[in-house]
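Student: Sequence and predicted structure, then a few things I'm wondering about:
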Amino acid sequence: MSNKEAKKIEKSSSIKEEIEKANKKAVENMMEAEPVWVDMDLAIKVIPGMKDRMLLHAGPPVTWERASGPLKGALIGACIYEGWASTPEEAERLLRTGEVVFEPTHPHNVVGPMAGVVSPSMPVYIVYDKKFGNYAYSNMNEGIGKVLRYGAYSKEVIDRLNWMRDVLYPVLKAVIEEIKKDGKPGLEFKPLIAQALHMGDECHNRYVATTTLFLKEIAPYLVKTDLDKKMILEAYDFMARNPFTTLNLGMASAKAMTLAAHNIKYSTIVTVMTRNGTDTAIWVSGLGNEWFTAPAPVPKGVWFPGYSEKDANPDIGDSSITETAGFGGFAMAAAPAIVSWVGGSVEFAIENTKKMYQITYTKHKYFTIPYLNFQGTPTGVDIRKVVATGITPTINTGIAHKEPGVGQIGAGIVVFPIDHFKAALRRFAEVYGI
Amino acid sequence: MTEFNAGKIGSLWIPFVIKDKSIVGEVVNVFRRTINIRDINNKLLSITALNYSSPIYVNVNYNQIWFVNFQEYVRPYENVFFDKPFIIVGGDLKIRIELRREKIATPRVCGICKLVSNVRKRELMGFLADLYNRVSFFLDIIDKPNNILELVEKMNMETKILDILYGIKKYIIEKDSVIMQEMYSMLGLGYGVTPSTDDFFGGLLGTVNIYLSCNTLKPLILNKNLVFKKTNWVSGYLLYYNHLGLFSNILEGFIESIFKMEYKDTINYFLSLLSVGHTSGLDMALGVLAALAVILESIHRGEFIEEYFKLFFEN
């Protein structure tokens, strides 16, 4: 064997060891992160890099021309909400000409479900990882049906957003202040997810238990606030009626967890999986903020009355950050009732979780599934395993109408394409190998 | 009865599905996503939910999210027949066939031949050396246990493999006989339905035979009886088809992109092959790369075989 070859072999085996070390660290960090809801504020005041006349959106970067219907709808709605435009046409002109810019959420440490649009004067949850010191942010959840995140922008949508800013936000802000006055750092979210997984949630498309637990946690602090009782009652009623109230907090927590795993040299662990309704995309820990994209598939699922697959937009949203962090679709075996919402069968839910073990680094230390004898959830998607098995992540998702302005038309399941995992592995070889 | 639509229809199915009614054969074995069939001419055909095509496959279209498990509908020894427009398997499964030109999967040997004759051979040498390094890097960082490389090491078969490669080279240069006996003795070794050696020699011989056919040389034809003495019927038939150059579209794409010297496509096909079977795709790819070393060495008299061997088998 020539010296050159010997060196190459030595280099390769040391790279494998480096990958193993890096992945162990990445997934360990992901599992050990301690996301805590610590505050609320307006997006412009707290989100790094957020500016006036800037909107953030889910998924990878996209031009106005390539943007999907629901994303366009949500961006238009946000312009109207901010008072930058009074009509959809005016909003579209601002967005098309670049007078209002739009950027992906993830580089700002923000996540938003579906279109994921966050505008400067929207209130956001602030989640702090007290273990690793990262901050993550998400907007508040509007409920289901005709909502901004699904691309609707009618008066009722804008009115609701205004109400959320004027009523829901001050109530939640007061609650978190009261929690902190009690000597707590905030509301720890990891234990809430862990418990909800034992109560039938998978914490992506089913947040019934999580929301109930959340309301139980905050109830005493709601009472302690000095706010008007009518205001508190309105806010409580809104949250109690919306089973997705805690989705955004769960997502921000997942973002905090995956941030702890991000930017670790040599790591092949996926730290972002996201979609904008046109493309899906991933980030890989050892490859920084480089986007690897592939066309977004249309989800399969259960349709609201009057709608079908032909009305559906390709998959959209940052909510797949939950699967990235080791729950959501990966924990479907914990949530048999989810199939009534997303379709499929209980057997499918169990089989899906089992399948995801084949592409993940380990089983979660803290998120466990009673039905699988309290095994940890599949955690830490490894691009090498995805390519080696041909199995790609399965995501639970909502389904938006393909036209702007309509909203949600169903919920279902989507399988990520394999192309960006291959592209990421090719890039990994360029960066670390050859 | 569960019904699927056929996405692609392999060309070897055509004689059965152009008639109004025909008896196809009987089921040999059933896996979650593949049904293997012995046709009335005692040849292998398959129905599969895999996402790649081949002249022997009928690919069923299905919603990729909900898992397909043919074992729920089909048992071994059940009859398979065609009753226009359905292929019917036993009493519980039927597949609708719509015969359109774009749906038929035919071998692309002629297309590859054109590439072989046009390729700039000196450039191909550089391309291959680089490709070997890249493939070797991926193999080093991706776990695919129990592949041909591990098998050869475990069973101390390095010399035999090397002898076969040099034997094929000799055949190409001198039209001299090849040590085929050695090859037969190694068939059927390894894990899974298609043991690693069968897959490796399928890729190796198939690629060499494409090259020989393109240069109007006599291909190296396996003796079917000797093959079936050493390996199971399904694997033996797949090997037989592969060695004639009847590959899956992924393996064809891999070979085509090599002759086109397109790195991105070549690596993409290679990465796709990694998820084919347990290690089948990888074993076949390594067979293809071995064949290319043999072919180049027979043209240029360099030390490609040794380079290939050191990089993969002595690593």
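Tutor: That came through fine. Numbering: from 1, shown residues only, chains lettered A, B, ... in the order given.

Student: For chain B, what's the nearest residue on the stretch 251-400 of chain A?
Tutor: Closest contact between the stretch 251-400 of chain A and chain B, by C-beta to the nearest C-beta, is at A:Gly390 (2.8 Å). The way it works is simple: take the backbone N, C-alpha and C, and place the C-beta from them, glycine included.

Student: What's the separation between that residue and B:Asp140?
Tutor: As judged by C-beta to C-beta, to the nearest Å, A:Gly390 and B:Asp140 stand 20 Å apart.

Student: A strand includes B:Ile37, no?
Tutor: Yes. Counting by DSSP: H, G, I helix; E, B strand; the rest coil, B:Ile37 is part of a strand.

Student: Was I right to think it contacts B:Val80?
Tutor: Yes. Between B:Ile37 and B:Val80 there is a contact at 5.2 Å, judged by C-beta atoms under 8 Å.

Student: Can you show me the strands along the stretch 301-434 of chain A?
Tutor: With DSSP state E, counting those that start in this stretch as the criterion, the stretch 301-434 of chain A has strands at A:316-317, A:360-369, A:375-381, A:394-400, A:408-415.

Student: ok, residues contacting the third one?
Tutor: Meaning strand A:375-381. The list of residues contacting strand A:375-381 from outside it, by C-beta atoms under 8 Å, 6 or more residues apart in numbering or on different chains, reads A:23, A:26-27, A:30-31, A:197, A:261, A:269-270, A:273, A:323-327, A:330-331, A:334, A:353, A:356-357, A:359-369, A:393.

Student: From those residues, list just the buried residues.
Tutor: A:23, A:26-27, A:30-31, A:197, A:261, A:269-270, A:273, A:323-327, A:330-331, A:334, A:353, A:356-357, A:359-364, A:367-369, A:393 (16 or more other C-beta atoms under 10 Å in any protein chain shown).

Student: Which helix or strand contains A:Leu215?
Tutor: According to DSSP states H and E, A:Leu215 maps onto helix A:208-224.

Student: distance between that helix and the chain's centre?
Tutor: 22 Å (C-alpha atoms, centre = their mean, to the nearest Å).

Student: Would you mind checking the average pLDDT for it?
Tutor: Confidence for helix A:208-224, expressed as mean pLDDT, is 97.

Student: Need the CA coordinates for the next helix-or-strand element following that helix. PDB is fine.
Tutor: Downstream of helix A:208-224, the first helix or strand assigned by DSSP H and E is helix A:229-241. What follows is helix A:229-241, C-alpha atoms only, in PDB (Å, rounded to 0.1, in the frame of the first residue of the first chain):
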ATOM      1  CA  LYS A 229     -61.400  39.200  34.900                       C
ATOM      2  CA  LYS A 230     -63.200  39.600  31.600                       C
ATOM      3  CA  MET A 231     -59.900  39.800  29.800                       C
ATOM      4  CA  ILE A 232     -58.600  36.700  31.600                       C
ATOM      5  CA  LEU A 233     -61.700  34.800  31.000                       C
ATOM      6  CA  GLU A 234     -61.700  35.600  27.200                       C
ATOM      7  CA  ALA A 235     -58.000  34.600  27.000                       C
ATOM      8  CA  TYR A 236     -58.600  31.400  29.000                       C
ATOM      9  CA  ASP A 237     -61.600  30.400  27.000                       C
ATOM     10  CA  PHE A 238     -59.700  31.000  23.700                       C
ATOM     11  CA  MET A 239     -56.800  28.800  24.800                       C
ATOM     12  CA  ALA A 240     -59.000  26.100  26.200                       C
ATOM     13  CA  ARG A 241     -61.000  25.900  23.000                       C
END
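
Student: and the end-to-end length of stretch B:205-223?
Tutor: One end of stretch B:205-223 sits 13 Å from the other (C-alpha to C-alpha, to the nearest Å).

Student: for it, what is the average pLDDT?
Tutor: When pLDDT is averaged over stretch B:205-223, the result is 91.

Student: next one: stretch A:364-375
Tutor: Here the average pLDDT along stretch A:364-375 is 97.

Student: Tell me which residues are up against stretch A:199-209.
Tutor: With C-beta under 8 Å, 6+ apart, stretch A:199-209 has contacts from A:193, A:195-197, A:210, A:213, A:243-247, A:250, A:319-320, A:322-323, A:327-332, A:334-338, A:341-342, A:395-398, A:411.

Student: again, 6 Å this time
Tutor: Contact with stretch A:199-209 is made by A:193, A:196, A:210, A:243-244, A:246-247, A:250, A:319, A:322, A:327-328, A:331-332, A:334-335, A:337-338, A:342, A:396, A:411, as judged by C-beta atoms under 6 Å, 6 or more residues apart in numbering or on different chains.

Student: Neighbour count says what about those residues? Which are buried?
Tutor: Buried among the contacts of stretch A:199-209 by 16+ other C-beta under 10 Å: A:193, A:196, A:210, A:243-244, A:246-247, A:250, A:319, A:322, A:327-328, A:331-332, A:334-335, A:338, A:342, A:396, A:411.

Student: Quick check, the residue in the stretch 101-250 of chain A closest to chain B?
Tutor: In the stretch 101-250 of chain A, the residue that lies nearest chain B is A:Asn205 (14.1 Å; C-beta to the nearest C-beta).

Student: Could you work out the end-to-end span of stretch A:339-358 for me?
Tutor: Stretch A:339-358: ends 22 Å apart by C-alpha to C-alpha.
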